[in-house]
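Peer 1: Got a predicted structure here, sequence first:
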Amino acid sequence: MQRIYLDNSATTKVDPRVVEEMLPYFSDNYGNPSSLHTLGREAKDAIDSARGRIAACLNASPDEIVFTGSGTEANNFALKGVAFANRQKGNHIIVSRIEHDSILNPCRWLKDQRFEIEYLPVQKDGLVEVDELKKRIKKETVLVSIMHANNEVGTIEPVEAIGAACRERGVYFHTDACQSFGKIIFDPHRQQIDLATINAHKIYGPKGVGALFIRKGVKISSWQQGGGQEMGLRSATENIPAIMGFAKAVELCFLEFEKEDERLRRLRDKIIDHILEQMPSAYLNGSRERRLSNNVNIGFYGLEGEAITLQLKLDEMGIFVSTGSACSSNGSDHKASHVLSSLGLDPIQARGALRISLGRYNTEEEVDRFLEVLPKAIAGLKSIASVLV
Amino acid sequence: MDAKRIYLDHAATTPAHPDVVKAMQPYFSDIYGNPSSIHSFGQEAKAALESAREKVVVLINARPDEIVFTSGGTESDNFALTGIVYANEKKGDHIITSKIEHHAVTECADFLAKRGFNVTYLPVDKYGMVDPMDVKKAITDKTVLVSIMHANNEIGTIEPLADIIKIVKEKGVFFHTDAVQTFGHLPIDVNKIKADLLSLSGHKFYGPKGVGALYIRKGTRIVPFLRGGAQESNRRASTENVPGIVGMGAACMIAQAEMATAALRETALRDKLIRGIMEKIPEVTLNGHPTARLPNNVNIAIKYVEGESILLNLDMMGIAASSGSACTSGSLDPSHVLLAIGVPHALAHGSLRMTLGRQTTVSDIDRTIEVLPPIVEKLRAMSPLKKGGK
């Protein structure tokens, strides 16, 4: 059976060119970059070059890139690192209601450590209101963290306007760019972003590596203590193969950006248009215009409770999609999506949406096949539902 | 320049075993799903993860649900220390560790001290051994954690863990050990020694870099270090590094099969190297314990010379060694481990660590014994520290 992977927001296939870049660093150039001998120095040079290559794609300076073990780690680092380093200035942090769990859960912990966390609401298309944000910034505010693009509904936030608002008030602005990096050209310095989280496995790079962009001059405390690697900010023997793969993945995204962006948008719009036209019960979640090039998030009136069954039905047919974000789909306790709830959907609707996320390896034929199979899967569900009733 | 490079820095990192890389490869571009995805493609990745977990537990006699995968030894150590102290704040605020721990433990303890926790750094004897009675004396009713490494990364001394843990557990305190240097090299049975937490790292036993694990005994009160998604049974958020974890699992299988013979082989080579150096070079001493010592560790203090000069000269001859732990080798401070065992400042600067591995041969050792003495002689002739030196 043909398998069609339409879950590229959860993770992506590593590009074979990336694997190629990584392979020499496992068993040949395997030195520890902190070692003084040749093998160690070669490893150090490799990491420095990777740092430079990634920084170049961000218009940043290499010493503004700190490698981490993942996007989750970079988000934890940004929040706790800024919160504790600027405690004397204040204890107020603003985040949006639709952030990833790797922002929301560290915030819950910071609240226990006597920080005040304010959750900024979003409009029904998932956009934050910059004026609303401005009203909430106060003199105790040390950090605003708002994602660049949402992982479930694909809404692209106005980071440039948010950056300007924060800079004007002297507040640090962090953005989780895990979903947007490589899909939207962004320039943290120009957009007045102080910290940005990026990672590799969402852009055809390996799992187990991410990075935090930290603008020069930002006051942040170190994340992981130990040997003092990564300019003293993140100790641990560097994961060289993964870092090399990350650099290659970033370069490929940037080199192939325009063509790929256009292709993905066309496929995305084909799916959205087709579903909305052919299936009267379908509705689109998120913004039609300010939307990631690869994201489709659709609900079906009357079938929200069956979203998981629908996903499994598609799975049987060899098509892999998601009902929300992979990270929160863990376990059997399928709760309502906090993102969909924040968009104003009722609790039932918030439990059931289908996320289809496209990627580099999806073809038009795959999209056509999906569109052909989807109504059949739904028809199957409806008959189950009617039998049960 | 030599045709063959001789790598004697296995305590810093090891090459990934070819079978490890082979095991990892399908998980980059074929079985690349996210283990948290409910669909069957994600579940295939999840199955690989769980199978790797079972391979890890075999080496320490633990249960699969007691293993949490991390990004490496440093994260495991940070997780263990901060996770235990923040989860047990109501009980107390005191941590006990030793003066010769890896920086991932000492720096983390210092960091916690800045946050208001109390830390006791136990001294060690001239071999680097912690005295279990010192542990007993240091424990108070506010102590929540004792963290003592299994074997030291610089001088190779193996700590009397069973005796220490017995005392710690009698007092009802949690015990953590950094076993980064021993896991996959020496047999460990967490149930026999009764450790509550144990850190391990993939790249020190021919697995990949960027992956490690923390063993957490069932029932241990600990809060997460990384927060976010519900991965690793809510104990460590992050999309799992599936290829890395699979690779570490493969390294565990190899270790399981080869550990006993490797230890015997390396011990023989180690002792040959130590003997050879002692015979050929005057005024050298062995750092660390002569017998309670990692099978692959040689650490010698060489009078009147700088360890770094020796290692750069060795490097020019194609031999990779270290002057301390890799993590601190960029720093000018003498090793905190050597100072703790009473090596004088000047001599601490003159120490050389050579750590052997599965590819080290008898001829590598012969070559090292042949190459090292003239280097030392040359450096001593130039040394201002030596009487009569220029």
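Peer 2: Thanks, I have the structure now. All values derive from a computational prediction rather than experimental measurement.
Peer 1: I'd like to know how many residues surround residue 352.
Peer 2: No chain was given, so I picked chain A. 25 (other C-beta atoms under 10 Å in any protein chain shown). All C-beta spots, glycine's among them, are computed from the backbone N, C-alpha and C.
Peer 1: other chain: chain B
Peer 2: 26.
Peer 1: which other residues reach the helix or strand encompassing it?
Peer 2: Per DSSP states H and E: residue B:352 is located in strand B:351-355. Strand B:351-355 has contacts (C-beta atoms under 8 Å, 6 or more residues apart in numbering or on different chains) with B:8-12, B:154-156, B:273, B:287, B:294, B:296-302, B:307, B:310-311, B:321-325, B:335, B:338, B:343, B:368.
Peer 1: Name the residues of that strand that are buried.
Peer 2: B:351, B:352, B:353, B:354, B:355 (16 or more other C-beta atoms under 10 Å in any protein chain shown).
Peer 1: How about stretch A:44-55?
Peer 2: Buried-residue list, stretch A:44-55, by 16+ other C-beta under 10 Å: A:44, A:46, A:47, A:50, A:51, A:53, A:54, A:55.
Peer 1: Please apply the same query to stretch A:164-180.
Peer 2: A:164-166, A:171-180.
Peer 1: Same check on stretch B:194-201?
Peer 2: For stretch B:194-201, by 16+ other C-beta under 10 Å, it's B:195, B:196, B:197, B:198, B:199, B:200, B:201.
Peer 1: List of residues touching it?
Peer 2: Residues outside stretch B:194-201 that contact it (C-beta under 8 Å, 6+ apart): A:237, B:56, B:60, B:72-73, B:76-77, B:80, B:84, B:104, B:150, B:161, B:165-166, B:169, B:174-180, B:183-184, B:188, B:190, B:211-217, B:220, B:222.
Peer 1: go with 7 Å
Peer 2: For stretch B:194-201, contacts defined as C-beta atoms under 7 Å, 6 or more residues apart in numbering or on different chains pick out B:60, B:72-73, B:76-77, B:80, B:165, B:169, B:174-180, B:183, B:190, B:212-217, B:220.
Peer 1: swap in stretch B:61-75?
Peer 2: A:69, A:208, A:224, A:226, A:235-237, B:50, B:53-54, B:56-57, B:76, B:79, B:104, B:180, B:189-191, B:199-201, B:210-218, B:225, B:232-233, B:235-236, B:240, B:245.
Peer 1: Repeat that for stretch A:358-371.
Peer 2: A:4, A:6, A:8, A:12-13, A:204, A:260, A:264, A:267-268, A:270-271, A:274, A:294, A:319.
Peer 1: Disregarding residues adjacent in the polypeptide, which is nearest to residue A:251?
Peer 2: Residue nearest to residue A:251 in three dimensions, not counting chain neighbours: residue A:53, with 6.0 Å by C-beta to C-beta, 6 or more residues apart in numbering or on different chains.
Peer 1: Need the pLDDT of residue B:384.
Peer 2: Predicted confidence (pLDDT) for residue B:384: 78.
Peer 1: in the chain, which segments are predicted with low confidence?
Peer 2: Unless you meant another one, I'm taking chain A. A:325-334, A:382-389 (pLDDT under 70).
Peer 1: wait, I meant chain B there
Peer 2: For chain B, the ranges with pLDDT under 70 are B:1-3, B:325-332, B:386-390.
Peer 1: hmm, try it at 50
Peer 2: B:1-2, B:388-390 (pLDDT under 50).
Peer 1: if I pick residue A:224, what's in contact with it?
Peer 2: Here residue A:224 is in contact with A:234, A:235, A:236, B:74, B:75, B:78 (criterion: C-beta under 7 Å, 6+ apart).
Peer 1: residues of the longest helix along chain B that come out buried?
Peer 2: When chain B is parsed with DSSP state H, its longest helix is helix B:242-280. Of all the residues in helix B:242-280, those buried under the rule 16+ other C-beta under 10 Å are B:242-255, B:259, B:262-263, B:265-267, B:269-274, B:276-277.
Peer 1: any idea which helix or strand comes after that helix?
Peer 2: strand B:284-286.
Peer 1: Please state the offset of that next one from the chain centre?
Peer 2: Centroid separation for strand B:284-286 versus its chain: 23 Å, with C-alpha atoms, centre = their mean, to the nearest Å.
Peer 1: Which positions within it qualify as buried?
Peer 2: B:284, B:286.
Peer 1: for stretch A:180-193, same thing?
Peer 2: A:180, A:181, A:182, A:183, A:184, A:186, A:188, A:189, A:191, A:192, A:193.
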